[in-house]
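K.L.:
Got a sequence here, can you build the structure:
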Amino acid sequence: MKTRHVLALISMTLAPISVTANLLAADATTTVGKVVQDAKTKVFELLDKKHVTVNFKNSSATLEQSEIDELKTLLEANKGQGAIERVIVATWADKEYPAGKGEKLSEADRKLADQRAEGIKKALTSLGITKVDTYSMAEHPSWISKAFNSEQAKVKGEGAVKSADDQLASEIGQKMRDKGGPGTAVVLVRHAGDYSAH
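P.N.:
Residues are numbered from 1 along each chain as shown. Next up, the predicted model:
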């Protein structure tokens, strides 16, 4: 009889401890998530905090939550740098940019790159960014873009560099091509007064 009373007493004593432990575990999960986010922000501050490479699953334009978190981290790391003038997004399909003149990726590949750009633009808009320029790296710039030496042509490495603005667009394009490739998108933050892609 005494053993049952002792076990009941132990059970009643441990019940509040169990509830407290569960609450602490839930709180710890939230705290760990915040610590991880803060650590990512610090890494961006130490390294190149102006860009992030977003990775997509093969044949998918869906942004995973981890990629949305990367976008949040990028924007968070740039808060103290002044107003964000615009965000530039270059997206690739799952195949490399066509190398030869007149070569094209399939319509499905070009559409996939466009859908990826729209998904990132939508995510950035939901995070408070209103000026987003997107570039599909799944197709060559049009002849009219080249003829008028457009920013589109310069970002893709096919425009002539004639001025400081042209040089900046060319640097941005080079950075995008260096950091991105098939299955990715590169997101670059530009602040008012930025004169270099670095």
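
K.L.:
Could I get the full set of helices for this structure?
P.N.:
Ranges of helices within the chain are 2-46, 65-77, 107-126, 143-147, 151-155, 164-179, based on DSSP state H.

K.L.:
Residue 189 against residue 82, yeah?
P.N.:
No: between residue 189 and residue 82 there is no contact under CB atoms under 8 Å: 10.5 Å. Bear in mind the C-beta positions are built from the backbone N, C-alpha and C, glycine included.

K.L.:
okay, these two: which has more neighbours?
P.N.:
A count of neighbours by other CB atoms under 10 Å puts residue 189 above the other of residue 189 and residue 82, at 21 against 11.

K.L.:
The more buried one pairs with what?
P.N.:
residue 87 (DSSP bridges).

K.L.:
pLDDT at residue 55, what is it?
P.N.:
Looking at residue 55, its pLDDT reads 95.

K.L.:
Would you mind listing the residues in contact with it?
P.N.:
Residues near residue 55 by CB atoms under 8 Å, 6 or more residues apart in numbering: 67, 183, 184.

K.L.:
What of residue 95?
P.N.:
Contacts for residue 95 (CB under 8 Å, 6+ apart) come out as 105, 109, 138, 182.

K.L.:
Go through these and single out the one with the most neighbours.
P.N.:
Highest count within the contacts of residue 95 by other CB under 10 Å belongs to residue 138, 27 neighbours.

K.L.:
just checking, which of the contacts of residue 95 belong to strands?
P.N.:
If you go by DSSP state E, these have nothing in strands.

K.L.:
pLDDT and distance to residue 50 for those residues - can I get that in TSV?
P.N.:
Output for these, formatted as TSV (pLDDT from 0 to 100; distance: CB to CB, whole Å):
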residue	pLDDT	distance to residue 50
105	87	28
109	94	28
138	86	24
182	94	23
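
K.L.:
ok, residue 87 to residue 58 distance?
P.N.:
Using CB to CB, to the nearest Å, residue 87 is found at 25 Å from residue 58.
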